[in-house]
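Participant: Okay, structure incoming, though there's no sequence with it:
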C-alpha cells in the first residue's frame, strides 16, 4: 500500500497476524520542499528587447527555453528579441539542492510594429501636391499619423495636401503610431518647374502658313491644330486652308509636360480668310472692232471688283 508523505518524521508499520502475533517496523522519512517556478515579462514592440523577471522561490538552478530556439541557465537571463509579432511559448524549469523540480510555461508575444511609408505625386512649383500615405500594419491598427512638412508646417491628416511654393528641396517625415508602437520614414520633395506657355494669334489668307512661337527645350510637346492634324514637334510649322467662302477660326491646342509630370496647356487662335475666286463670262468672244461686249461677273467671295 502506497501513502503520500507530506512532512518529515518517523513512520511505523505495525503488523499483526491471526494468532495475535505483532511486530513493528519503523523508518525515518525526510520530505524536502519543492521549488516554485514563476516569472513575468515585459511586452515590447516586435524587434525590441523583451525582459524576463524570475519570480521563482526555493530554487538554485534555472532552465529557460524561449520558444525561438534560444535558451539560458541564468537566474535572470538577458533580454530576448522576438523579430515577429507572434506567440512564443516560454518554459522555465527550476530545481533546488534536493533535485526537486517545478515547471511553468507562459505564451508571450510582442506588439506588432507599423511600417511607415508614403509617396509624393507630381511636385510642381505653384501647384497643389498630395502626400499619399502607404503605411500599413498587421494584426493592429494605425491610430495616429504625424507629418512634419518643414516650411509647410505639420499635419495629422492621412493624405495631406499643400501648394508647393518653394524651389528648394523640402524634407518631409511621417511618424505612424499604434497604441504601443511607432515607425518613422523620411523623404525629400524635389520641386520641378512647371512649363509656361504663351498664347499667340495669327491671321491671313488661305493657305496660311504659321510657325508657332519658340518653345523651350527639355519639355515634351503635343499639338492639335483643330483640322484633324496633330504634331509632337517643339516648334511646328503648319499650313491652314479655307475654301469655304467664310472666315474660319482654328483653335490650336498646345500641351507641354516635364519628366516629373508638370504640365501646362494653352490655346492659340488662327484666323484664316477665304480667298476670292475671280471669274467672268463675255457676251461674245468674237466681235468686230468698235462693237460693244458685255462681261458677266461670275466671281465668288469678292467684295470689291476692278476691271482692267
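Facilitator: Cool, the structure landed. The structure displayed is predicted, hence computed values, not measured ones. Residues are numbered from 1 along each chain as shown.
Participant: got any ranges where the stretch 1-150 of the chain has weak pLDDT?
Facilitator: 1-6 (pLDDT under 70).
Participant: One more pass at 90, please.
Facilitator: By pLDDT under 90, the low-scoring segments of the stretch 1-150 of the chain are 1-14, 16-20, 22-31, 121-123, 126-127, 139.
Participant: Name the nearest residue to the residue nearest the centre of the chain, sequence neighbours excluded.
Facilitator: The centre of the chain sits closest to residue 134, judged by Cα atoms, centre = their mean, with a distance of 3.2 Å. Nearest non-adjacent residue to residue 134, counting by Cβ to Cβ, 6 or more residues apart in numbering: residue 117, 4.2 Å away. C-beta: built from backbone N, CA, C; applies to glycine.
Participant: wouldn't residue 103 be in contact with residue 93 here?
Facilitator: Yes - under the criterion of Cβ atoms under 8 Å, residue 103 makes contact with residue 93 at 4.6 Å.
Participant: any shared contact partners between these two?
Facilitator: Shared contacts of residue 103 and residue 93, defined by Cβ atoms under 8 Å, 6 or more residues apart in numbering, are found at residue 37.
Participant: Which one's more surrounded, these two?
Facilitator: Ranked by neighbour count (other Cβ atoms under 10 Å), residue 103 and residue 93 place residue 93 first, with 18 against 11.
Participant: That one: what's it in contact with?
Facilitator: 37, 62-63, 101-103.
Participant: Of those residues, keep whichever come out buried.
Facilitator: 37, 62, 102 (16 or more other Cβ atoms under 10 Å).
Participant: Need these in CSV (columns: distance to residue 292 and secondary structure).
Facilitator: CSV is the format used below for the buried ones among the contacts of residue 93 (distance: Cβ to Cβ, whole Å; DSSP: H, G, I helix; E, B strand; the rest coil):
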residue, distance to residue 292, secondary structure
37, 138, coil
62, 138, strand
102, 142, strand
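Participant: burial count for the residue nearest to residue 134?
Facilitator: So residue 117, with other Cβ under 10 Å, has 15 neighbours.
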